[in-house]
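Q: Sequence and predicted structure are below.
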Amino acid sequence: VGYSYVELEAALKEGDFEKADDITRNALIELAGEEAIERKFVYFTEVKEIPVKDLQTIDNLWVSYSDGNFGYSVQKKIWTGCKKKWGPFFKKLDWTTGENNAYRSWRGGEYIYKMDAAKGHLPLTSCLRGTQLLKNLFEHPAFETGKKGDSDGGAKPDWMKF
């Protein structure tokens, strides 16, 4: 693990999911490399640069401190269950609202940063530039199943066990 997750763990432990979401977004940018840091967002092509252990740690923290409600592995299961169709996936995560399924406004504070949000609602990943970033996160080796080092859906890593 090449990044300190103390701040993320503390925010999740406190139930401050909005702060944890911001920390997660910043961690992904930092882990994606210098160009992502300079532009302040991750291109989908940079996802492969993020180390497996770091993505698994981020996911394990989210899953552990949300009682299995949030995390990328949770979102991937929902996406797969929606046959990898984005419309039904966004609706299931409650990222859209109303009869026209308009995207919730991030700047308008319409996302839900509480434990009772829809399963998979957090962490947020911007799809304003398209869904390729989210798709590449879900298809990252960190979330492959049945292979050595795969994500075990939220089991705590050794350093978190007490």
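A: The structure has been received and is ready for your questions.
Q: quick one, helices of the protein?
A: 6-14, 17-32, 34-39, 52-65, 72-81, 86-92, 132-138 (DSSP state H).
Q: Mean confidence (pLDDT) on the third one, please.
A: Rounded to a whole number, the mean pLDDT of helix 34-39 is 96.
Q: now do the first one
A: Confidence over helix 6-14, taken as the mean pLDDT, stands at 98.
Q: hmm, who's touching that helix?
A: Outside helix 6-14, the residues that touch it by CB atoms under 8 Å, 6 or more residues apart in numbering are 17, 19-20, 23-24, 27, 58, 61-62, 64-66, 160. The way it works is simple: take the backbone N, C-alpha and C, and place the C-beta from them, glycine included.
Q: picking up where we left off before, dump the helices of the chain into TSV; add distance to Asp116 and mean neighbour count as well.
A: Below are those laid out as TSV (distance: least, CB to CB, whole Å; neighbours: other CB atoms under 10 Å):
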stretch	distance to Asp116	mean neighbour count
helix 6-14	16	16
helix 17-32	11	20
helix 34-39	32	12
helix 52-65	15	22
helix 72-81	15	20
helix 86-92	16	16
helix 132-138	23	19
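Q: So in that sheet, which strands flank the lowest-mean-pLDDT helix or strand in the chain, and in what orientation?
A: Least confident helix or strand of the chain, by mean pLDDT, DSSP states H and E, is strand 102-103 with a mean of 86. Sheet pairing for strand 102-103, assigned by DSSP bridges, gives strand 96-97 (antiparallel).
Q: ok, now how distant is the residue of the chain most remote from its centre from Lys91?
A: Largest separation from the mean C-alpha position in the chain: Glu99, at 26.0 Å (CA atoms, centre = their mean). For Glu99, the distance to Lys91 (CB to CB, to the nearest Å) stands at 11 Å.
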